[in-house]
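Participant: Provided below for reference: sequence and predicted model.
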Amino acid sequence: MTWKQVFTSSVGKKLVMGLTGISLVLFLIVHAGINACIFADLVDPEENGAMFNKAAHFMGSTVLIRIMEIGLFAGIILHIYQGYLLTLENKQKRAVGYAVTYKDGSKWYSRSMGLLGTLILLFLILHLYHFWVSARFTHQGLDPVTYNGIEMHNMFALMKVTFSEWWIIAVYSAGCISLAYHLAHGFQSAFRTLGVYNNRYTLMLTSIGYAYSIIIALVFILMPVSFKMGWIG
Amino acid sequence: MEHYHMNLNLKVWRQKNTNTKGDFKTYQVKNISSEMSFLEMFDVLNEQLITEGEEPVAFDHDCREGICGMCSMYINGKPHGPWQANTTCQLHMRAFKDGDTIVVEPWRANAFPVIKDLTVDRSSFDRIIQAGGYISVNTGNAVDGNALPINKDNADNSFAAAMCIGCGACVAACKNSSAMLFLSAKVSHLALLPQGEPERKSRVMNMVAQMDKEGFGACTNTGACEATCPKEISLTNIARLNSEYLGASLSADK
């Protein structure tokens, strides 16, 4: 059995989805953690995003992290490509559909991973355009700010400007809710796909998965809302 | 329990053969006893159709006591009908009430082509079993049953997996037409026992390859299969299969 045969089998394709999914789960923890630095403003209003700007500067200027960023994008692209491939292939396995579909045995979000993934992708495109493209390439809307003699981008100010419009906050919230449902199924499913079958772990992973999905979505939704409501910035 | 009689509207899938397009036909059956099994109600319908000079409805059945896995109707949007942990033959008419309309469809999956009406070809399951669902046993005198010590938990889990009757409800219920619950039950019940050890790695590899070849979909762990399985085969078996597959791939020689 060659590696190619392994990873092109139905179980192997799911392994790719699980592995890339778990790497994205880990990425989200780092992303949420670094962005949560904006909440330093709640304790010290004079802070004005200094902790967040420094953290963002560290992420953008460290070579090792930039190399990991390439891996992250490769993981996202593979997850999207394989996800769509599996969704299409699975759909084709039933040429004639049922008159009455079976819905009681499974959660709606576990059956809608393709749709939820598409909503997340649409959100991701807007999100990358707002921040990643601006920080890495165009520097549009980015003012310089200096801490301890080092000049860096004022990402905090860019967030404040971006999150001044309600429609953007609504789109970000919808994106995060889609993410929460995607993770509610994806988190525990990824571990099952990787072969975790002991009840001791599957029950624990399902609970952790639900908690993780809700916390991650809430933390991310709180960011634009906090700017708009004037709690920070 | 109250005994009663009912009149029903049946919307049944009729299809001449694999190559023709089928459609639904509506029939009325009268005076059906709540004590009848679902298949007995179909026997009444077929008697009625024969009397009227119509072709009877073809459907699979054999033991009619819930153990052979032959019956295969998709009733009102659920394989084997509304009851939990139940086969179509053990579904009784007390599950319905007078005036109900019941929609009956065959298992739908490309890997289970319709032969006629509600009868589908499930020989793809047989070929998956042939690809690795066996153990090697030396001929000669029977070995003492207690010669091989087996962990009690493994014996219980293996037995629970071996309960699979191969009816195909898991495929019918799955939105991906995946046969993973069936396959995982077959792999698990042998992988958990010492007798299954010699072919352990080749078994899972060959059976997954055959499943893919037969045109079943990939598993997305929605749990619909487990919820509808008449033998309550656990989704845990699918995770165990994944573990077996990963282990066999990582430790493969070439």
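Facilitator: Ah, there it is.
Participant: which parts of chain A are helices?
Facilitator: Taking DSSP state H, the helices of chain A run over residues A:3-8, A:10-35, A:40-43, A:50-61, A:63-92, A:108-111, A:113-127, A:133, A:155-162, A:166-193, A:199-229.
Participant: among those, which is nearest B:His80?
Facilitator: Nearest of the helices of chain A to B:His80, taken as C-beta to C-beta: helix A:108-111 at 19.9 Å. For glycine as for every other residue, the C-beta is placed from the backbone atoms N, C-alpha and C.
Participant: tell me how far B:Asn206 lies from chain A.
Facilitator: Distance of B:Asn206 to chain A, computed by C-beta to the nearest C-beta, to the nearest Å: 9 Å.
Participant: what angle do the stretch of helix or strand that residue belongs to and helix A:10-35 make?
Facilitator: Applying DSSP states H and E as the criterion places B:Asn206 in helix B:200-214. Here helix B:200-214 runs at an angle of 100 degrees relative to helix A:10-35 (axes from the mean of the first three to the mean of the last three C-alpha atoms, to 10 degrees).
Participant: after helix B:200-214, heading C-terminal, what element do we hit next?
Facilitator: Assigned by DSSP H and E, the successor of helix B:200-214 is helix B:224-228.
Participant: ranges for the helices of the stretch 51-200 of chain B?
Facilitator: B:123-130, B:152-162, B:169-173, B:180-191, B:200-214 (DSSP state H, counting those that start in this stretch).
Participant: mind giving me the domain split of chain B?
Facilitator: Using automatic domain parsing, the domain ranges for chain B come out as B:5-105, B:123-250.
Participant: give me the most central residue, the chain.
Facilitator: Using chain A. A:Leu28 (5.3 Å; C-alpha atoms, centre = their mean).
Participant: ah, no, chain B please
Facilitator: Closest-to-mean residue, chain B, C-alpha atoms, centre = their mean: B:Cys167 / 2.0 Å.
Participant: in terms of pLDDT, where does it sit?
Facilitator: pLDDT, the model's per-residue confidence, is 97 for B:Cys167.
Participant: OK, contacts around the residue nearest to it when sequence neighbours are not counted?
Facilitator: Nearest residue to B:Cys167, sequence neighbours excluded (C-beta to C-beta, 6 or more residues apart in numbering or on different chains): B:Gly69, at 3.9 Å. Applying C-beta atoms under 8 Å, 6 or more residues apart in numbering or on different chains, we find B:Gly69 in contact with B:87, B:165-168.
Participant: make it 10 Å
Facilitator: Residues counted as contacts of B:Gly69 (C-beta atoms under 10 Å, 6 or more residues apart in numbering or on different chains) are B:60, B:62-63, B:87, B:122, B:125, B:164-169, B:230-231.
Participant: show residues contacting stretch B:139-154.
Facilitator: Stretch B:139-154 has contacts (C-beta under 10 Å, 6+ apart) with B:137, B:156-158, B:188, B:191-195.
Participant: let me have the residues you listed in TSV, extended by neighbour count, distance to chain A and pLDDT.
Facilitator: Output for these, formatted as TSV (neighbours: other C-beta atoms under 10 Å in any protein chain shown; distance: C-beta to the nearest C-beta, whole Å; pLDDT from 0 to 100):
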residue	neighbour count	distance to chain A	pLDDT
B:Val137	9	25	83
B:Asp156	12	13	97
B:Asn157	21	10	96
B:Ser158	19	14	97
B:Ser188	29	9	97
B:Ala191	25	11	96
B:Leu192	23	11	96
B:Leu193	19	16	94
B:Pro194	12	19	92
B:Gln195	15	20	91
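Participant: mind picking the two most distant members of those?
Facilitator: The span of these, defined through C-beta to C-beta, is set by B:Val137 and B:Asp156 at 22.6 Å.
Participant: wait, doesn't A:Pro144 sit right on A:Glu151?
Facilitator: Yes - between A:Pro144 and A:Glu151 there is a contact at 5.1 Å, judged by C-beta atoms under 10 Å.
Participant: picking that back up, now the residue nearest to B:Cys167: how far from B:Phe59?
Facilitator: Note on B:Gly69: its distance to B:Phe59, by C-beta to C-beta, to the nearest Å, is 14 Å.
Participant: quick one: low-confidence ranges for chain A?
Facilitator: Scanning chain A for pLDDT under 70 picks out nothing.
Participant: quick one, which residue of it lies the farthest from its center?
Facilitator: Here chain A reaches farthest from its C-alpha mean at A:Ala99, the gap being 36.2 Å by C-alpha atoms, centre = their mean.
Participant: got the contact list for that residue?
Facilitator: Residues near A:Ala99 by C-beta under 10 Å, 6+ apart: B:11, B:13, B:24, B:74, B:76-77, B:103-105, B:108.
Participant: 7 Å instead, please
Facilitator: Going by C-beta atoms under 7 Å, 6 or more residues apart in numbering or on different chains, A:Ala99 touches B:24, B:103, B:105.
Participant: buried subset of those residues?
Facilitator: If you count burial by 16 or more other C-beta atoms under 10 Å in any protein chain shown, the buried members of the contacts of A:Ala99 come out as B:103, B:105.
Participant: so which of the contacts of A:Ala99 reach chain A?
Facilitator: Among those, proximity to chain A is found for B:24, B:103, B:105 (C-beta under 7 Å from any C-beta of the partner chain).
Participant: grab the nearest non-local neighbour of the closest residue to chain A within the stretch 1-150 of chain B.
Facilitator: Going by C-beta to the nearest C-beta, chain A is nearest to B:Gly77 of the stretch 1-150 of chain B, at 3.3 Å. With C-beta to C-beta, 6+ apart as the criterion, B:Gly77 has its nearest non-adjacent residue at 3.3 Å, and that residue is A:Val100.
Participant: what's the answer for B:Ser188, then?
Facilitator: Nearest-residue entry for B:Ser188: B:Ala161, 4.0 Å, with adjacent residues in sequence omitted and distances by C-beta to C-beta, 6+ apart.
Participant: ok, now which ones touch that neighbour?
Facilitator: Counted by C-beta under 7 Å, 6+ apart, B:Ala161 has contacts B:185, B:188-189, B:233, B:237.
Participant: measure it to chain A for me?
Facilitator: Between B:Ala161 and chain A the computed distance is 12 Å (C-beta to the nearest C-beta).
Participant: got the residues of the stretch 1-150 of chain B near chain A?
Facilitator: B:24, B:74, B:76-78, B:103, B:105, B:108-110.
Participant: if I look at the residue nearest to the centre of chain A, how far off is chain B?
Facilitator: A:Leu28 sits 20 Å away from chain B, going by C-beta to the nearest C-beta.
Participant: who's in contact with that residue?
Facilitator: Neighbour list for A:Leu28: A:Ile216 [criterion: C-beta under 7 Å, 6+ apart].
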